[in-house]
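# Structure for this input, please:
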Amino acid sequence: QVQLVESGGGLAQAGGSLRLSCANSGSTFRSAAMGWFRQAPGKEREFVATINWSGGVKYYADSVKGRFTISRDNAKNTVYLQMNSLKPEDTAVYYCALDSQNYGLGSQRPESYDYWGQGTQVTVSS
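I've put the predicted structure just below:
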């Protein structure tokens, strides 16, 4: 059974930083692609970043490139999203996702992922 639990969201000022964590209770994590997505009120779920099973390959949305860093610790079954230089437009609920059928780089399409966390709110004030 795969269960993803996000933490680390909260309120930050523009220019500040937050670090999100996503812990997985199952063994599938270590061989699976992981992704971070976000959803702002009234908008569709949006791709943020993805990382392959080993952590050696990463890909980012243009909107966060150079500001956000995705990483993973397979010994701890945890994936992270370090968010720096936050902007008000980064305000959203952030979700981590796992693609159990893919050990390479994850897709930018939410429907490619079969497990999701419950989400964590990130609010950036100007």
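
# which ones are touching Val64?
Counting by Cβ atoms under 8 Å, 6 or more residues apart in numbering, Val64 touches 48-49, 83, 90. Yep, even glycine has a C-beta here, placed from its N, CA and C like the rest.

# My reading is that it is in a helix; is that accurate?
No: checked against DSSP: H, G, I helix; E, B strand; the rest coil, Val64 lies outside a helix; its state is coil.

# Show the backbone phi and psi for it.
As for Val64, its main-chain torsions (degrees, to the nearest 10) stand at phi -120, psi -10.

# sec struct for the nearest residue to Val5 once chain neighbours are set aside, please.
Leaving aside its sequence neighbours, Val5 sits nearest to Ala23 (Cβ to Cβ, 6 or more residues apart in numbering; 5.1 Å). Using three-state DSSP, the structure places Ala23 in strand.

# Give me the neighbour count for Ala23.
For Ala23, the neighbour count with other Cβ atoms under 10 Å is 17.

# Now do the same contact list for it.
4-5, 7, 76-78.

# Which of the residues you listed fall in strands?
4-5, 7, 78 (DSSP state E).

# how much space between the most centrally placed residue in the chain and Trp53?
The centre of the chain sits closest to Trp36, judged by Cα atoms, centre = their mean, with a distance of 2.3 Å. Separation of Trp36 from Trp53 (Cβ to Cβ, to the nearest Å): 16 Å.
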